[in-house]
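K.L.:
Sequence and computational prediction follow.
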There are 2 protein chains.
Amino acid sequence: MNETLRLLLAHRSIRRFRPDPVPAETVERIIGAAQAASTSSNIQAYSVVGVTDAGAKRRLAELTGGQRHVEQCPLFLVWCADLHRLQLAGRIANPAFALEPNVETFLLATVDAALAAQNAAVAAESLGYGIVYIGGIRNRPAEVTELLGLPQLVYPVFGMCVGVPDQQPDPRPRLPQSAVYHSGRYSDDDALEAAVREYDETMRSYYARRAGGGRDTVWSKEMANRLSGANLRRHLHDYLLAQGFEFR
Amino acid sequence: MNETLRLLLAHRSIRRFRPDPVPAETVERIIGAAQAASTSSNIQAYSVVGVTDAGAKRRLAELTGGQRHVEQCPLFLVWCADLHRLQLAGRIANPAFALEPNVETFLLATVDAALAAQNAAVAAESLGYGIVYIGGIRNRPAEVTELLGLPQLVYPVFGMCVGVPDQQPDPRPRLPQSAVYHSGRYSDDDALEAAVREYDETMRSYYARRAGGGRDTVWSKEMANRLSGANLRRHLHDYLLAQGFEFR
């Protein structure tokens, strides 16, 4: 064990924050750590928009589905996949350069944003801050794009609240490692199903134990709900096309 | 400063490894740290296939474009976006459940894989190991899928070599923070262009300084090359459709 491993294992999402602002030099340090993450062939295909203005955070809280912590956190980071800066760089090298948006470039930029963001999350937690990722930034992406002035070939992948925690939630149990880690070859369905059923029981006890308790569900049921209806953000495809991305 | 921040800032990709195997309990610890990363609504939509067999690593080295370190590293991790396990979980809850693959679910699974992988990278480095991400796993994804027995709705996002470093490369400078971090609103193109030109000069000196030196290029030129030709993996779209993903 070491300090870093302990920190990684102690992660839990924070949704209540104290009002203390995050000092500029701390933001710089967190973004510096994000920049140190791996990036495919050094393309660095991501951007971060940092929001501290109360009005803008209030609007973002609305746009992400009324999540109060988006307004309450002192710093809201919007992590974006960014091919715009690469388009601009390509044109410096060669005025005729035209970036070809396809699944691969979409993926490169999305992954770069995620790797950088996760480093930022770890850095923030190492400094005593708490974070939560906000997938709800994709609820109304066109309005977020307008609010933050995102150009073509940039889209918000997720938001992230950052601030001093004002709660200490329990860590949530994860799937048995056997369901996630496959040695040499992907597991067969019987083994997976056994692991999911075991996890259903783990989550049943976890929910029963929680303060306020009584939530009577299991993981498999939650997943069936999570992956249906409005949660599927069926508008995302057309938004991304309008933003200049292509899936081909 | 703290131990974790120092570790994050000291990251560099390692492409030469000592033969020492990674003990099973260390792999468990690294994957445990990966599992502690944030995941959208606890969906945990990723899997990792760990490869240590010499023949399989040799084949993977070929499939990723002849990268010797893929064969040489003692542990090669293939990070996969995984909707298959969620499909299976949904059916446990409701036998009629059918997962609807779209851009949102593709994105959820890809981001989950990336967040978990980056935690694993940090954990491995905290334990004295080195890593490098291998985007080349997407060069011949159908053959990787066959080799690892990946079911429908699972695709390899990237590989990762893990092992004790047998080299100490210099860290590569990154873009000026002003190009990546935007306060309140996305920067205008003049500011971005100035930052890219500044970075071109930084990289020119960096390449000139390097052992073996004399590489005469700048970042913008590299990016114009990187984002064209075979690097665009134009086969990826059809592979993903064949694997059950959809872009709609």
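P.N.:
Thanks, I have the structure now.
K.L.:
Check which element follows the longest strand along chain A along the chain.
P.N.:
Ranked by residue count, the top strand of chain A under DSSP state E comes out as strand A:154-163. Counting by DSSP states H and E, the next helix or strand C-terminal to strand A:154-163 is helix A:177-180.
K.L.:
For chain A, which residues score under the pLDDT cut-off?
P.N.:
Low-confidence segments of chain A (pLDDT under 70): A:211, A:213-214.
K.L.:
change it to 90
P.N.:
Low-confidence segments of chain A, defined by pLDDT under 90, span residues A:1, A:170-171, A:207-217, A:229-230.
K.L.:
now the strands for it?
P.N.:
Going by DSSP E, chain A shows strands at A:46-51, A:75-82, A:130-134, A:154-163, A:181-183.
K.L.:
I'd like the distance between A:V132 and A:L83.
P.N.:
From A:V132 across to A:L83, the span is 27 Å (Cβ to Cβ, to the nearest Å). Where you see a C-beta, it was placed from the backbone N, CA and C, and this is true even at glycine.
K.L.:
Just confirm A:I14 contacts A:P165, I think it does.
P.N.:
Yes: contact criterion Cβ atoms under 8 Å: A:I14 and A:P165 qualify, at 4.5 Å.
K.L.:
can you list the domain ranges for chain A.
P.N.:
Here the domain assignment for chain A is A:3-171+A:232-242, A:177-217, based on automatic domain parsing.
K.L.:
do you know which of these lies nearest B:E222?
P.N.:
Of all the domains of chain A, it is domain A:3-171+A:232-242 that lies closest to B:E222, at 7.4 Å by Cβ to Cβ.
K.L.:
That closest one: end-to-end distance?
P.N.:
Taking Cα to Cα, to the nearest Å as the measure, domain A:3-171+A:232-242 stretches 45 Å from start to finish.
K.L.:
next one: stretch A:173-186
P.N.:
End-to-end for stretch A:173-186, by Cα to Cα: 23 Å.
K.L.:
again, but for stretch A:79-86
P.N.:
Start-to-end, stretch A:79-86 (Cα to Cα) is 16 Å.
K.L.:
Of the domains of chain A, flag the one that's most buried.
P.N.:
Mean neighbours per residue, mean count of other Cβ atoms under 10 Å in any protein chain shown, is largest over the domains of chain A for domain A:3-171+A:232-242, with a mean of 20.
K.L.:
ranges for the helices of chain A?
P.N.:
For chain A, the helices defined by DSSP state H occupy A:3-9, A:24-35, A:54-63, A:68-72, A:84-93, A:103-126, A:141-148, A:177-180, A:189-209, A:219-226, A:236-242.
K.L.:
what angle separates the fifth one from strand A:154-163?
P.N.:
Computed by axes from the mean of the first three to the mean of the last three Cα atoms, to 10 degrees, the angle separating helix A:84-93 from strand A:154-163 equals 130 degrees.
K.L.:
picking that back up, as a markdown table, the domains of chain A with distance to chain B would be great.
P.N.:
As requested, the domains of chain A are exported to a markdown table (distance: least, Cβ to the nearest Cβ, whole Å):
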| stretch | distance to chain B |
| --- | --- |
| domain A:3-171+A:232-242 | 4 |
| domain A:177-217 | 4 |
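K.L.:
In CSV: the ones you listed, plus distance to B:P101.
P.N.:
CSV is the format used below for these (distance: least, Cβ to Cβ, whole Å):
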stretch, distance to B:P101
domain A:3-171+A:232-242, 10
domain A:177-217, 18
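K.L.:
for these, which one sits closest to B:L115?
P.N.:
domain A:3-171+A:232-242 (4.8 Å).
K.L.:
How far does the closest one sit from its chain's centre?
P.N.:
Here domain A:3-171+A:232-242 is found 7 Å from its chain centre; the criterion is Cα atoms, centre = their mean, to the nearest Å.
K.L.:
Pretty sure A:R16 is one of the things A:H69 touches, is it not?
P.N.:
Yes: the pair A:H69 / A:R16 is scored as a contact, 6.7 Å apart, by Cβ under 8 Å.
K.L.:
ok now do A:V164, which residues does it touch?
P.N.:
A:17-18, A:20, A:74, A:128-130 (Cβ atoms under 8 Å, 6 or more residues apart in numbering or on different chains).
K.L.:
got it, and A:A224?
P.N.:
Contacts of A:A224 by Cβ under 8 Å, 6+ apart are B:89-90, B:93-94, B:97.
K.L.:
Could you do A:L240 as well?
P.N.:
A:L240 neighbours (Cβ under 8 Å, 6+ apart): A:106, A:155, A:247, B:103.
K.L.:
circling back: what residues do A:I14 and A:P165 have in common as contacts?
P.N.:
A:G130.
K.L.:
measure the closest residue to A:E246 other than its chain neighbours to A:T202 for me?
P.N.:
Spatial nearest neighbour of A:E246, excluding adjacent residues (Cβ to Cβ, 6 or more residues apart in numbering or on different chains): A:P101 at 4.3 Å. A:P101 sits 42 Å away from A:T202, going by Cβ to Cβ.
K.L.:
one step back: could you identify the most distant pair in the contacts of A:V164?
P.N.:
Going by Cβ to Cβ, the pair spanning these furthest: A:P74 and A:G128, at 13.2 Å.
K.L.:
Any chance you could list what contacts stretch A:190-197?
P.N.:
In contact with stretch A:190-197 (Cβ under 8 Å, 6+ apart) are residues A:175-176, A:178-179, A:219-220, B:85, B:88-89, B:92.
K.L.:
one more time with 10 Å, if that's ok
P.N.:
Stretch A:190-197 is contacted by residues A:175-180, A:182, A:186-187, A:218-220, A:223, B:47, B:82, B:84-86, B:88-89, B:91-93, B:151 when judged by Cβ atoms under 10 Å, 6 or more residues apart in numbering or on different chains.
K.L.:
For A:Y129, list the residues it contacts.
P.N.:
A:14, A:17, A:20, A:22, A:26, A:30, A:73-75, A:121, A:123, A:161-165.
K.L.:
what do you get for A:Q167?
P.N.:
By Cβ under 10 Å, 6+ apart, the neighbours of A:Q167 are A:12, A:14-17, A:69, A:130.
K.L.:
swap in A:H235?
P.N.:
A:138-142, B:103-104.
K.L.:
what's the answer for A:C80, then?
P.N.:
Contacts of A:C80 (Cβ under 10 Å, 6+ apart): A:45-49, A:109-110, A:113, A:137, A:144-145, A:148, A:150, A:153-158, B:182, B:186.
K.L.:
From B:I14, how far off is it?
P.N.:
Counting by Cβ to Cβ, the gap from A:C80 to B:I14 is 29 Å.
K.L.:
do the same with A:A121
P.N.:
23 Å.
K.L.:
And for A:A10?
P.N.:
From A:A10 to B:I14 the distance is 27 Å (Cβ to Cβ).
K.L.:
do A:A194 as well
P.N.:
Distance from A:A194 to B:I14, by Cβ to Cβ: 37 Å.
K.L.:
try A:L9
P.N.:
In terms of Cβ to Cβ, A:L9 sits 24 Å off from B:I14.
K.L.:
Same check on A:E100?
P.N.:
For A:E100, the distance to B:I14 - Cβ to Cβ - is 31 Å.
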